[in-house]
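Visitor: Need the 3D shape of this:
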Amino acid sequence: MLPLVEWLYHTSISVAIRESSWVFPIIETTHVLGLSLSVGVLFVSDLRLVGLALRRRPASELWGQLKPWMVAGFIVMFSSGALLFWSQPIKAYQSVFFRAKLAMLLLAALNAAVYHTTIFRRINEWDDAPVPPTQARLTGWISLALWAGVIAAGRTMAYTL
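Guide: Predicted coordinates:
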């Protein structure tokens, strides 16, 4: 893997991002805005799942309204994150915080996949319940914890690279 990140480091795009006075800060700002949108909206959905917010709103209705914003934010966040990695691939690769962030991202994706292939398929059974079933609440708590960890690792990584 190290030869790949070394090759990325020397590409013209990596050099251009890294050496520009404006490009890196613009990408980083875009990344934070995408993160704020996607994870902020996800937190609202997760708080509904755990039964702490919007308890009178059907979960399916809330999900339907939030999903487009969440997807748009994720696209911006992942695209800009890839560019940030591309600008400093060796430092990121060697960072324990980057590795922790990637691990938590993978676990968050797995958590979402399990949720959408299990309890979400039966949402019609618990859609209007102010407190969703245990599996939905557990999924929400896991998601909240993992995304908080992703954000913490990302911010820590930014100050240690």
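Visitor: which element is Ile142 on?
Guide: helix 134-160 (DSSP states H and E).
Visitor: Okay, buried residues for that helix please.
Guide: Buried residues in helix 134-160, counted by 16 or more other CB atoms under 10 Å: 135-140, 142-144, 146-147, 149-151, 153-154, 156-157. Yep, even glycine has a C-beta here, placed from its N, CA and C like the rest.
Visitor: just stretch 74-91 next, same as before
Guide: Phe74, Val76, Met77, Ser80, Gly81, Leu83, Leu84, Phe85, Trp86, Ser87, Gln88, Pro89.
Visitor: Helices of the protein, start to end?
Guide: 2-9, 12-19, 23-49, 59-87, 89-94, 96-117, 123-126, 134-160 (DSSP state H).
Visitor: quick one: low-confidence ranges for the chain?
Guide: The chain contains residues with pLDDT under 70 at 161.
Visitor: Can you give me every residue that contacts the residue lying closest to Phe78 once chain neighbours are set aside?
Guide: Of all residues not flanking Phe78 in the chain, Gly34 sits nearest, at 7.9 Å (CB to CB, 6 or more residues apart in numbering). Contact partners of Gly34, counting by CB atoms under 8 Å, 6 or more residues apart in numbering, are Gly73, Phe74, Ile75, Val76, Met77, Phe78, Ser79, Ser80.
Visitor: The fifth one - nearest residue in space that isn't next to it in sequence?
Guide: Spelled out, that is Met77. Nearest non-adjacent residue to Met77, counting by CB to CB, 6+ apart: Gly34, 3.5 Å away.
Visitor: separation between the one you found and Gly154?
Guide: Using CB to CB, to the nearest Å, Gly34 is found at 12 Å from Gly154.
Visitor: Please apply the same query to His116.
Guide: For His116, the distance to Gly154 - CB to CB - is 24 Å.
Visitor: Could you do Trp7 as well?
Guide: The gap separating Trp7 from Gly154 is 24 Å, by CB to CB.
Visitor: I'd like to know how many residues surround the closest residue to Trp86 other than its chain neighbours.
Guide: Closest residue in space to Trp86, ignoring its immediate chain neighbours: Ser14 at 5.3 Å, by CB to CB, 6+ apart. Neighbours of Ser14 under the rule other CB atoms under 10 Å: 20.
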